[in-house]
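Colleague: Kindly return the folded structure for what I paste below:
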Amino acid sequence: MNKIKALLFIIAIIPSCFSQNDTSTPYSLFGLGVENKTATGGLTGLGNTGISQNNAGEINLFNPASLGNIKLNTFLYEFGVNGMYSTIQTDNVSENTSDYNMSHVVMAFPLTKNLGMSFGLLPYTKVGYDIDIESPIEGSTETYISRITGSGGLNKFYVSSGLSLGNRLSLGIDLSVLFGSINQETNVYYESLVNIKDVNYYNGVKLKAGLQYQLIKAENKAVTLGAVVELPTNLSGSQERSSYKTSTSGSKVTIGEDTENDLDDFELPLSLGFGVTTKLNNTVTTSFDFTKLYWDNTNQLQNNERYTNQDIYAFGAEYLPAGRNNKYWSLVKYRFGLNYNTGFLNISNQKIDSYFASVGLGLPLSNRAKLNISYSYGKEGTINNSLVEENFHKITINLNFIGNWFNKRQYD
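Modeller: Model (predicted):
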């Protein structure tokens, strides 16, 4: 009963935690915002690798095929939070921002032997920007100021399942529902204030499939291959717009009626990912992932900016001391990761890429609970061609539990 109450409490606080999303990142102005780079377990410390990871005690969001390895009579549940401190700069301006988010609440359990299921809720994109634009008045030497602010983002609810076929091959499928709103407010200052508020709603469904294959499975060595494919999809959109004008005397006048309009569908591209994980003597694990998103095959447009194919390279290494004993630090997992993302935006003939390096610890709290902590430092964008560069420090904390929810109570 206490476990059920704890689960209901976690579900109840999800909406309020996600509503506290506070972010400030300039490139969230484009498209659906900045993708929320969520990774469960210790995968953030491993550079967000995971396509070929198949740890039976952790939930893997990157490849549903790993769910086939969940042990019977267990219930996995995990939630995570992250915080970021960023320095945003141009050629001549620099400012510091900070934000925090609840990154995910996910659960997984076996349906039968070799067949597992998972579901969860997490942010899919986040939007947060505040931009001032000074523009000349035609036929005059005067200028006016436009302030554009954005907030919101999309959420993702997923249900996935994985099946283990024999000792080497696993298959999985993931169905995700994307939904949410992106808010943009424009204020124009000149003699009077003109305010325009747009609320853009998007929703749609994504389908992903994955496989994992243990190429080598020996006592002191293992090599696992992984692959995932996300099919292209369209998100339907609608917009609510309201506008008014405030004169210098303070009177407010509505400009036209509030309107509702259909938006063009937002196209998400085909995505292919491949990974390989090696494990030596159960002490050293390395992972390498490559993912490609085919934005060139979509008709997605963004003003004068161009969407281009996106490549993501990720590497991770984990060390668990050999000869484990009763000393606590010999049970801790030590992690390191690198990630490079070419990005999907081309602005002023400049690709907006990003990278980060990460370190992490897997701290056992008990036989059935683990705290995963990681720190990342990275950069996105550039100050070249009058663009914006963001340098960030990020802390991620994931708390993982393994419960015996399906064991029958024994009576004497």
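
Colleague: What are the buried residues along stretch 223-237?
Modeller: For stretch 223-237, the neighbour count (16 or more other C-beta atoms under 10 Å) marks 223-228, 230, 233, 235, 237 as buried. For every residue, glycine as well, the C-beta is placed using N, CA and C.

Colleague: Pull up the distance across it, start to finish.
Modeller: End-to-end distance for stretch 223-237, by C-alpha to C-alpha, to the nearest Å: 43 Å.

Colleague: now that stretch: how far from the chain's centre is it?
Modeller: Counting by C-alpha atoms, centre = their mean, to the nearest Å, stretch 223-237 is centred 14 Å from the centre of its parent chain.

Colleague: do stretch 298-318 as well
Modeller: 14 Å.

Colleague: Then stretch 356-365?
Modeller: 18 Å.

Colleague: average model confidence for that stretch?
Modeller: Computed over stretch 356-365, the mean pLDDT rounds to 95.

Colleague: And for stretch 135-150?
Modeller: 79.

Colleague: repeat for stretch 234-247
Modeller: 87.

Colleague: just checking, F79 touches M107?
Modeller: No - counting by C-beta atoms under 8 Å, F79 stays clear of M107, with 9.6 Å between them.

Colleague: thinking again about what came up before, okay if I get the buried residues of stretch 223-237 as CSV plus distance to G31 and secondary structure?
Modeller: Output for the buried residues of stretch 223-237, formatted as CSV (distance: C-beta to C-beta, whole Å; DSSP: H, G, I helix; E, B strand; the rest coil):
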residue, distance to G31, secondary structure
V223, 37, strand
T224, 34, strand
L225, 32, strand
G226, 28, strand
A227, 26, strand
V228, 22, strand
E230, 16, strand
T233, 14, strand
L235, 11, strand
G237, 12, strand
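
Colleague: So, low pLDDT: which residues of the stretch 1-150 of the chain?
Modeller: 1-24 (pLDDT under 70).

Colleague: all helices for it, in order.
Modeller: 2-19 (DSSP state H, counting those that start in this stretch).

Colleague: Of all the strand elements in this protein, which one is longest?
Modeller: strand 192-217 (DSSP state E).

Colleague: any chance of the buried residues of stretch 223-237 in TSV, with distance to A39 too?
Modeller: Listed next are those as TSV, based on distance: C-beta to C-beta, whole Å:
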residue	distance to A39
V223	22
T224	18
L225	20
G226	15
A227	18
V228	14
E230	16
T233	22
L235	23
G237	28
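
Colleague: out of those, who's nearest E380?
Modeller: Top of the list for closeness to E380, among the buried residues of stretch 223-237 and by C-beta to C-beta, is E230 at 22.3 Å.

Colleague: Leaving out chain neighbours, which residue sits closest to that closest one?
Modeller: Nearest non-adjacent residue to E230, counting by C-beta to C-beta, 6 or more residues apart in numbering: S271, 4.0 Å away.

Colleague: Could you give the backbone dihedrals for the one you found?
Modeller: Backbone torsions for S271, taken as degrees, to the nearest 10, come to phi -130, psi 130.

Colleague: so how many other residues sit close to it?
Modeller: Neighbourhood size, S271 [other C-beta atoms under 10 Å]: 19.

Colleague: so what's K252 bridging to?
Modeller: Taking DSSP bridges as the rule, K252 bridges to T246.

Colleague: who touches it in this structure?
Modeller: Counting by C-beta atoms under 8 Å, 6 or more residues apart in numbering, K252 touches 244-246.

Colleague: could you pull out the strands for the stretch 151-300 of the chain?
Modeller: 169-190, 192-217, 221-230, 233-246, 252-254, 259-268, 271-280, 284-293 (DSSP state E, counting those that start in this stretch).

Colleague: want to throw those strands into JSON lines with distance to E95?
Modeller: Shown next, in JSON lines, are the strands of the stretch 151-300 of the chain (distance: least, C-beta to C-beta, whole Å):
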{"stretch": "strand 169-190", "distance to E95": "20"}
{"stretch": "strand 192-217", "distance to E95": "24"}
{"stretch": "strand 221-230", "distance to E95": "35"}
{"stretch": "strand 233-246", "distance to E95": "28"}
{"stretch": "strand 252-254", "distance to E95": "31"}
{"stretch": "strand 259-268", "distance to E95": "30"}
{"stretch": "strand 271-280", "distance to E95": "34"}
{"stretch": "strand 284-293", "distance to E95": "31"}
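
Colleague: hang on, the earlier thing: who is the residue nearest to E230 paired with across the strands?
Modeller: Residues in a beta bridge with S271, per DSSP bridges, are E230, L293.

Colleague: who are the neighbours in contact with it?
Modeller: S271 is in contact with 228-230, 291-294, counting by C-beta under 8 Å, 6+ apart.

Colleague: quick one on the thing from earlier: can you say which of the strands of the stretch 151-300 of the chain is nearest to S366?
Modeller: strand 284-293 (22.5 Å).

Colleague: Which strands or helices does that closest one pack on?
Modeller: strand 271-280, strand 310-319 (3 or more C-beta pairs under 8 Å, 6 or more residues apart in numbering; DSSP states H and E).

Colleague: what does the last one contact?
Modeller: Contacts made with strand 310-319 from outside it, assessed by C-beta under 8 Å, 6+ apart, are listed as 42-43, 45-49, 283-293, 295, 333-344, 362.

Colleague: and the gap between Y375 and E318?
Modeller: If you measure Y375 against E318 using C-beta to C-beta, to the nearest Å, the figure is 15 Å.

Colleague: cool, I352 as well?
Modeller: 30 Å.

Colleague: repeat for N339
Modeller: Distance from N339 to E318, by C-beta to C-beta: 15 Å.

Colleague: count of residues packed around L211?
Modeller: The burial count for L211: 20, using other C-beta under 10 Å.

Colleague: Check the contact between it and S66; I expect there is one.
Modeller: No - taking C-beta under 8 Å as the definition, L211 is not a contact partner of S66, at 10.3 Å.

Colleague: Next, show the common contact partners of the two.
Modeller: 170, 172.

Colleague: re the thing from before, worst average pLDDT in the strands of the stretch 151-300 of the chain?
Modeller: Per-segment mean pLDDT for the strands of the stretch 151-300 of the chain reaches its minimum on strand 252-254, at a mean of 72.

Colleague: Just checking the distance from it to the centre of its chain.
Modeller: Distance, centroid of strand 252-254 to centroid of chain: 40 Å (C-alpha atoms, centre = their mean).
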